[in-house]
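Q: I would like to see how this sequence folds:
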Amino acid sequence: MEISNPTFSLRAIHIAAIGFIITLVFYFIFQDFFSSVSMPGENYFPILLDGVFWEHNNGLFAVPWFTPAAGGGLPKFPNPQSVYYSVEQFLCFFTDPVTSIKLTLFLFGWVGFYGCYVLLRKIFLVSSLISLLGATIFLFNGFYIYRMLIGHINFHPFMLYPLFLWLNLRLPLKGDSPDKWRVISDILVMSLILTYMFYSGAFHIIPPLLLTTVICALLYNLTVNSTFNYKYFFIKLFMVGIISVTASAAYLNASVSYLSLFPRDLYPLPGISSLASLFEIAARSLFWNSPHDLVTKLAVNRMWRIDVHEMEFGVGLVPLLMILAGLPWMINKIHAAGMFRHRKAMVIAKVLALLFLLFIPLVLNYYTPSWNAFLKTIPFFKNSSSNFRWFCCYIPVVIIIACLLYEKAIYIHPSYQKFIIPVAILFVIVATAIKDQSFYRSQHFSPKPVLEAYHDLKAGKLKPEVKYIDEVVFKLQDTITGGDVLAVGSSQLRPYEPIFGYRLENFPVKTLVAGEAMQVNADGNLNLKNPASYVFPKENNCSPGDHFKASEADKAEKFRTYQKFPFEFSSRQKIANAVSSFSLSALFLSLLFFGGKNGMDQLRRM
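A: Numbers count the residues shown, from 1 in each chain. Next up is the predicted model:
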C-alpha cells in the first residue's frame, strides 16, 4: 500500500526542484575536491582513460574483455570491480573524467534524495516536511560521499537503493486488486537497478542491501501496514533476482571463472571481541565521526590498517535527536500495550526476526576464534578483508526509524514543524560543511597526465596503444608513476589489482619485465601477457598469467593497440553470453513497452 495519485502531480515537480537545490548545495560543498589540478583519493583516472581508449577504437557496444593497461595485460570485463558499464565511464566518452565524476556525484545524489523522499512519503506515510528532512539526511550520508572522495567510484549505485526499496514495498492497486501491469513495471525497473549494480562494479554492496530490504519490509509491516502483502514482496524480489542474474550472466560467469583461479582467502578476517564495543563502534560510525581509531585499537586478527573512509557511515546527530524525540511516544505505546502480553504470536515472531536481522552486521564483525574460522569457510566472506562495510545496512534503517518516531513526537505541535524542519535541514548541511575533512584533502593525486592524454586523444594527437611495460616514466619535467603510465603508452609493471592480493602475492609475474611490450624475452615469449589465460586458460591452451608466444605477434599487436583479438570462450561462457544478450534485450524492450504504456495511462487520467 502507498499514498498514490494517478494524475500528474505538481507536488512531484516541487519536491524534485527542492531536491535539485539541496543537491546543488551538497555538490558545491564537495566540488572543490575535484579539479584538473588535484583529485581526492586513489588514482582511478587511468581506469576511465583505459575505457575511453577501448570505446575510441571499438565503438560503444563492443565488450572490453581485456585490457593492456596494467600488468602487461589483464581481464577487464570479468573484473568484479570494473566500472566500464557505469554512468561515470559513459560520460567520459563525451566529456573529461573530472567533469564526469562531478556529474555522477550530483546525478546520483539527486536520485538518492528523491528516491528517499518518495520512500518515506508514499510507503512509510511520513509527512512531506519530515520526508524532506529524511531525504536530506540520506543525501549527506557519509558512506556515499566519502567513498566517492577516496576514489571508490563503484559505490555510487548505493544512492539508487531508496528507489529500489520503494518499488519493492509498494503494491499498486487497480480497484481492490493489484495492478499487474504496474507490478510488472516495478519488477523491470528494480531489475534494471540491480543489473546496473552488477555491471558497474558494485557487487559487494548487493548482499548488505538485500538484507536491508527484508529489514525494511518487516519494519513497514510492524509500523505502517499490518496487512502488508509479503507474497507480492517476495515474488517481486524473486523475479528481480532471476531477471538480473540472467541479464548479468555473462559478467557473473566470467568473474567467477577469473576469481576461481585467484582466491582471495589468504588474509585474516578482523573482528571486535566485545559486543559492547561493537555497539559503540556502530553508534559512533552512524551518529558521529568515523571511529577508525577505535576500530584500529580494538580489532582482533587485523592485518591491514583501518582508514577513516572505511568507517564512514554517518547520518549525523539529527536522526539521533529525532529518535530521542519520539522515544516517549514509543515507551508509552509499549507500556499501554503491556509489552508483548497482548500481542499475537505472529507479531512477536516478526519483532524477533527484525531484531535478529538487525544484529547480522554486528555479528559479522564479532570475533571469537571459532566464529572467525567458520566465517572463513563461507564463500562470500572468506575472500573479504573486512566486514565493516555491512554497516551500510543501518543508514536507510536509521533514517526510516528516525522519521517514523519523530512523526509521533506528540509534544511537538505540527505548526512548529515548518520552522523546526528547515533548521534541521540547515544543521545537516552545515555539520557536513564544517566537518574535518583533512584526511580526504591529504589523499590526492594529479589528474594532469590522464587529462592531457584524454584531450590529445580527442584532438587526434594520440593513438590508443601500449608500447612499453613500465613503473615510472619521465616526461619532460614530470615523473609519471603507477597507473598513469598508460597516458604515455605504457602498461604498469606492478598493477594495483586486489584480486591478486594487496601486495600482489598471487600475481603471476613470470617473465614480465620493464621494457618494450613486443620484445621477445629469454623464454621465447613476448613481454605481454595473454589475458585470456586468466579467465579461459584451458580453452586457450595456456596457464594463468602466460605470455603471448612470439608466434602470436599478430594477436599481441591487436591487443596492445586496443583492438579485438581472437581467443576462445569456455562452453559455459558461450551459454552465459547468449543468456545475457537475450535477457538484456528483453529487459530493455519490456521497459520501453511498459514505460510507454504507463505514460499513456497517466496522460489519459489527466
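Q: what about the strands in the stretch 351-500 of the chain?
A: Here the stretch 351-500 of the chain has its strands, by DSSP state E, counting those that start in this stretch, at 444-445, 468-470, 472-475, 478-481, 490-492.
Q: Which strands or helices does the first one pack on?
A: Meaning strand 444-445. strand 39-40 (3 or more Cβ pairs under 8 Å, 6 or more residues apart in numbering; DSSP states H and E). Every residue, glycine included, has its C-beta placed from N, CA and C.
Q: about what we covered before: among the strands of the stretch 351-500 of the chain, which is the most enclosed?
A: Mean neighbour count (mean count of other Cβ atoms under 10 Å) peaks for strand 490-492 among the strands of the stretch 351-500 of the chain, with a mean of 25.
Q: Now tell me what touches it from outside.
A: Contact partners of strand 490-492, identified using Cβ atoms under 8 Å, 6 or more residues apart in numbering, comprise 46, 68-73, 466-471, 473, 482-483, 485-486, 517, 528.
Q: give me that answer again for 7 Å
A: 68-72, 466-471, 473, 482-483, 485, 517 (Cβ atoms under 7 Å, 6 or more residues apart in numbering).
Q: which is the next helix or strand following that strand?
A: strand 515-516 (DSSP states H and E).
Q: Helix or strand next in line after that next one, which one?
A: Following strand 515-516 in sequence, per DSSP H and E, is strand 525-529.
Q: Pull out the buried residues from that following strand.
A: For strand 525-529, the neighbour count (16 or more other Cβ atoms under 10 Å) marks 525-529 as buried.
Q: other SSEs contacting that strand?
A: strand 547-549, helix 553-560 (3 or more Cβ pairs under 7 Å, 6 or more residues apart in numbering; DSSP states H and E).
Q: wait, which of those is closest to Lys180?
A: Taking Cβ to Cβ, helix 553-560 is the member of those nearest to Lys180, at 49.3 Å.
Q: one step back: of the helices and strands packed on strand 525-529, give the one that comes closest to Ala283.
A: helix 553-560 (51.3 Å).
Q: Compute the distance from the centre of the closest one to the centre of its chain.
A: Offset of helix 553-560 from its chain centre (Cα atoms, centre = their mean, to the nearest Å): 34 Å.
Q: relative to strand 525-529, how tilted is that helix?
A: On the basis of axes from the mean of the first three to the mean of the last three Cα atoms, to 10 degrees, helix 553-560 is oriented at 30 degrees to strand 525-529.
Q: For helix 553-560, the averaged confidence score.
A: Throughout helix 553-560, pLDDT has a mean value of 96.
Q: Just the C-alphas of that helix, formatted as CSV.
A: C-alpha atoms of helix 553-560 as CSV (Å, rounded to 0.1, in the frame of the first residue of the first chain):
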residue,chain,number,x,y,z
ALA,A,553,52.6,-11.5,-32.5
ASP,A,554,49.6,-10.6,-34.6
LYS,A,555,47.2,-11.2,-31.7
ALA,A,556,49.5,-9.3,-29.3
GLU,A,557,49.7,-6.4,-31.7
LYS,A,558,45.9,-6.1,-31.9
PHE,A,559,45.7,-6.4,-28.1
ARG,A,560,48.3,-3.7,-27.3
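Q: residues of that helix that come out buried?
A: Here helix 553-560 shows 555-557, 559-560 as buried, counting by 16+ other Cβ under 10 Å.
Q: wait, which of those is closest to Ser415?
A: Phe559 (68.9 Å).
Q: Tell me which helix or strand the residue nearest to that closest one when sequence neighbours are not counted sits in.
A: Leaving aside its sequence neighbours, Phe559 sits nearest to Phe565 (Cβ to Cβ, 6 or more residues apart in numbering; 4.8 Å). Element membership for Phe565 (DSSP H and E) is empty, with no helix or strand holding it.
Q: distance of Phe565 from Leu528?
A: According to Cβ to Cβ, to the nearest Å, Phe565 and Leu528 sit 11 Å apart.
Q: Give me the common contacts of those two.
A: Phe559.
Q: Give me the buried subset of the contacts of strand 490-492.
A: Here, 16+ other Cβ under 10 Å leaves 68-72, 466, 468-470, 473, 482-483, 485, 517 buried among those.
Q: Can you lay out those residues as a markdown table showing pLDDT?
A: A markdown table is the format used below for the buried ones among the contacts of strand 490-492 (pLDDT from 0 to 100):
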| residue | pLDDT |
| --- | --- |
| Pro68 | 97 |
| Ala69 | 95 |
| Ala70 | 94 |
| Gly71 | 94 |
| Gly72 | 95 |
| Val466 | 96 |
| Tyr468 | 95 |
| Ile469 | 95 |
| Asp470 | 93 |
| Val473 | 83 |
| Gly482 | 88 |
| Gly483 | 89 |
| Val485 | 93 |
| Ala517 | 94 |
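Q: Run through the residues that contact the residue nearest the centre of the chain.
A: Closest to where the C-alpha atoms of the chain average out (Cα atoms, centre = their mean) is Phe155, at 2.9 Å. Counting by Cβ under 7 Å, 6+ apart, Phe155 touches 144, 147-148, 202, 205.
Q: Which of those residues fall within helices?
A: Here DSSP state H is the test, and the contacts of Phe155 give 144, 147-148 as lying in helices.
Q: which one of those is nearest Ile215?
A: Tyr144 (19.2 Å).
Q: Domain map for this structure?
A: Using automatic domain parsing, the domain parsing of the chain gives 10-44+83-433, 464-560.
Q: so where is the chain shaky, pLDDT-wise?
A: Within the chain, the ranges that satisfy pLDDT under 70 run 1-9, 334-343, 410-413, 476, 596-606.
Q: Going by residue numbers, what spans are helices in the stretch 1-150 of the chain?
A: 10-30, 45-58, 87-92, 97-118, 128-139, 142-150 (DSSP state H, counting those that start in this stretch).
Q: Show me how far the third one is from its chain's centre.
A: Here helix 87-92 shows a centroid-to-chain-centroid distance of 15 Å under the convention Cα atoms, centre = their mean.
Q: Show residues contacting that helix.
A: 48, 51-52, 83, 100-101, 103-104, 107, 153.
Q: any idea which of these is closest to Gly326?
A: Leu107 (33.1 Å).
Q: excluding its backbone neighbours, what's nearest that closest one?
A: Leu107 sits nearest to Val87 (Cβ to Cβ, 6+ apart), 6.8 Å away.
Q: Now do that neighbour against Ala254, distance only.
A: When Val87 is compared with Ala254 (using Cβ to Cβ), they lie 22 Å apart.
Q: How many neighbouring residues does Ala254 have?
A: 28 (other Cβ atoms under 10 Å).
Q: can you tell me which residues contact it?
A: Taking Cβ under 7 Å, 6+ apart, one finds 77-78, 535, 573 in contact with Ala254.
Q: Now the most far-flung residue of the chain relative to its centre: closest residue in space that isn't a chain neighbour?
A: Taking Cα atoms, centre = their mean, the residue of the chain most remote from its mean C-alpha position is Ala522, at 43.7 Å. Using Cβ to Cβ, 6+ apart and skipping residues adjacent in sequence, the residue nearest Ala522 is Thr511, 7.0 Å away.
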